[in-house]
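> How does the following fold in three dimensions:
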Amino acid sequence: MRTKYINLLSLVFGICAFSLFFTPQSYAVGVLTYRIFEIGIVLVSISITLLYFLCYKLDKQWLFFSSFYVFFYFTSSILSQSDGSIYAYIFGTAKGIGFITLVRFLFNYNKKIMLLAFCCAGCMMCFFHFISIFRYFNVVGGMRHGYIPYAYGSTLPTTQNWYFLTYDNESIFYFLPLICALIIYGLVYSKYALYVAVIYAALIGFSYIAKGAATATVAFLCFVILAALFLLLYKHKSITISCNLASIIGIAGSVALILGIGSGLFSRIAILLGKDPTFTGRSYIWSNSIKYICESPFWGNGIEQTTTIIAKLNQNHCHNIILQILYTGGIFALIFFILGIFSTSDKNKNALSSIVSAAVLAFFIAASLDWYPSIPVPFIIFYLFPYCSNNK
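Alright, predicted model coming up:
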């Protein structure tokens with residue numbers, strides 16, 4: 001009885017804690033509620049990290065991913081003397097480490113509770129996101145319709161659809177790990193989670209296509225297609241795609257995309273197909289990003305004011321995971337990020353691991369065109385591989 005009570009409390013805590021990291025935007029819930037979410041994230045991050053230190057031995061993946069966040073947000077900003085606020089450095093670091101630690105702590109305590117808590121929290125927060133989509137379905141710009149602040153006091157008409165959690169393309173970094181987690185929970189513990197995964201996947205696909213979210217649509221379709229392909233390879237050829245192989249392909253693809261667009265090769269192909277040769281401005285953004293990366297290659301440029309980034313890149317981020325890590329955190333941050341990925345426990349080669357590997361590759365596809373370090377949720381994908389064993 002006592003164990004059941006403790007497990008129930010742990011599940012409730014996990015749901016509440018994970019919900020904080022599915023952070024709604026301030027325009028959706030108001031500044032006060034948004035600040036409450038931020039305070040909650042800091043409190044959870046500090047408390048769960050202390051508990052993790054006291055209860056468990058630190059593992060190398062936690063060390064690598066935590067070091068990545070330290071270098072990306074804090075160390076780089078201090079060494080480069082960036083003009084961002086000290087609050088942004090500390091909060092970004094705490095949020096990233098807090099999420100990784102929450103996943104690791106609950107997994108060590110009871111891995112079924114960890115996965116269930118994440119699925120419940122994700123379904124709840126994404127449900128609110130769906131409500132906002134259908135509430136503002138015919139409104140251009142969604143919840144931020146009209147003119148929005150840009151830089152130096154100027155405003156621009158919104159060209160994207162903004163909803164409860166974020167705008168359409170960025171939401172893939174919430175939905176992809178959630179769908180993958182639901183599938184794994186459904187296959188390992190309860191088939192009802194599969195029904196939820198199908199419903200949410202249908203809603204996600206419909207919203208992306210209806211709203212013309214190109215990057216998110218491509219990434220989500222790639223996940224579905226790759227999962228089916230990897231499962232066929234495993235079933236008929238006994239070939240499994242490991243996490244390391246999927247990560248290598250993803251990182252290599254991201255670099256190849258930079259080189260292809262930067263060299264003009266893909267631009268010429270785009271012209272032949274009647275498409276935008278700049279890939280919606282990415283060729284300009286990436287060339288500027290590389291310029292500033294070369295000026296500070298080891299510790300990057302740190303967390304900067306939005307106006308500073310826009311003045312440098314003509315955009316508020318690099319639109320590519322490799323460039324963003326190098327631009328903000330430098331080579332050291334990239335090294336720790338890669339080490340964290342390749343320290344993933346992926347010893348089980350089966351159908352379940354093939355699905356998770358498809359999610360890893362889909363993540364890199366999305367992150368090669370858009371990536372937001374302020375959303376640590378996708379990191380849970382790398383912690384799903386242990387669920388692929390026969391040990392529940």
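> Tell me which other helices or strands the helix or strand containing Leu63 touches.
Secondary structure assignment for Leu63, by DSSP states H and E: helix 60-69. Using 3 or more C-beta pairs under 8 Å, 6 or more residues apart in numbering; DSSP states H and E, the elements in contact with helix 60-69 are helix 86-109, helix 321-342. Heads up, the C-betas are built off the backbone N, CA and C, glycines and all.
> Output those helices as TSV; include the columns mean neighbour count, distance to Val140 and mean pLDDT.
What follows is the helices and strands packed on helix 60-69, written out as TSV (neighbours: other C-beta atoms under 10 Å; distance: least, C-beta to C-beta, whole Å; pLDDT from 0 to 100):
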stretch	mean neighbour count	distance to Val140	mean pLDDT
helix 86-109	21	31	95
helix 321-342	22	28	95
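> can you give me the mean pLDDT across the helix holding Leu63?
Averaged across helix 60-69, pLDDT comes to 95.
> Also stretch 229-236?
pLDDT averaged over stretch 229-236 gives 84.
> if we can go back for a sec, could I get the helices and strands packed on helix 60-69 as JSON lines with distance to Val377?
Converted to JSON lines, these look like this (distance: least, C-beta to C-beta, whole Å):
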{"stretch": "helix 86-109", "distance to Val377": "7"}
{"stretch": "helix 321-342", "distance to Val377": "14"}
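> Spit out the contact partners of the nearest residue to Cys318 once chain neighbours are set aside.
Spatial nearest neighbour of Cys318, excluding adjacent residues (C-beta to C-beta, 6 or more residues apart in numbering): Gln324 at 4.2 Å. Contacts for Gln324 (C-beta atoms under 8 Å, 6 or more residues apart in numbering) come out as 289, 317-318, 371, 373.
> sorry, back to before: what residues of the helix holding Leu63 count as buried?
Buried residues in helix 60-69, counted by 16 or more other C-beta atoms under 10 Å: 61-62, 64-69.
> So which residues make contact with it?
So helix 60-69 is contacted by 52, 92-93, 96-97, 100-101, 104, 329, 333, 336-337, 339-340, 343-345, 376, 379, 382 (C-beta under 8 Å, 6+ apart).
> Let's see that with 10 Å instead.
49, 52, 56, 58, 75, 92-101, 103-105, 325, 329, 332-345, 373, 376, 379, 382-383 (C-beta atoms under 10 Å, 6 or more residues apart in numbering).
> Taking helix 86-109 as reference, get the angle to that helix.
Per axes from the mean of the first three to the mean of the last three C-alpha atoms, to 10 degrees, the angle that helix 60-69 makes with helix 86-109 is 170 degrees.
> distance between the helix or strand following helix 60-69 and the chain's centre?
Later in the chain than helix 60-69, the nearest helix or strand by DSSP H and E is helix 76-80. Helix 76-80 sits 24 Å away from the centroid of its parent chain (C-alpha atoms, centre = their mean, to the nearest Å).
> What residues of the helix or strand harbouring Ile225 count as buried?
Ile225 is located in helix 214-237, with elements delineated by DSSP H and E. Neighbour-count burial for helix 214-237, counted by 16+ other C-beta under 10 Å, picks out 215-220, 222-223, 226-227, 230-231, 234.
> Then stretch 9-27?
10-11, 13-15, 17-25.
> Surely Phe379 and Ala367 touch.
No - Phe379 sits out of contact with Ala367 when judged by C-beta atoms under 10 Å, with a separation of 11.7 Å.
> Between these two, tell me which one has more neighbours.
Ala367 (24 against 20; other C-beta atoms under 10 Å).
> Show the contacting residues for the more buried one.
172-173, 215, 219, 250-251, 254, 319-322, 324-325, 378.
> need the strands for the protein, in chain order.
Assigned by DSSP state E, the chain shows strands spanning 147-149, 155-157.
> What separation do you get for His236 and Ala351?
Distance, His236 to Ala351, by C-beta to C-beta, to the nearest Å: 12 Å.
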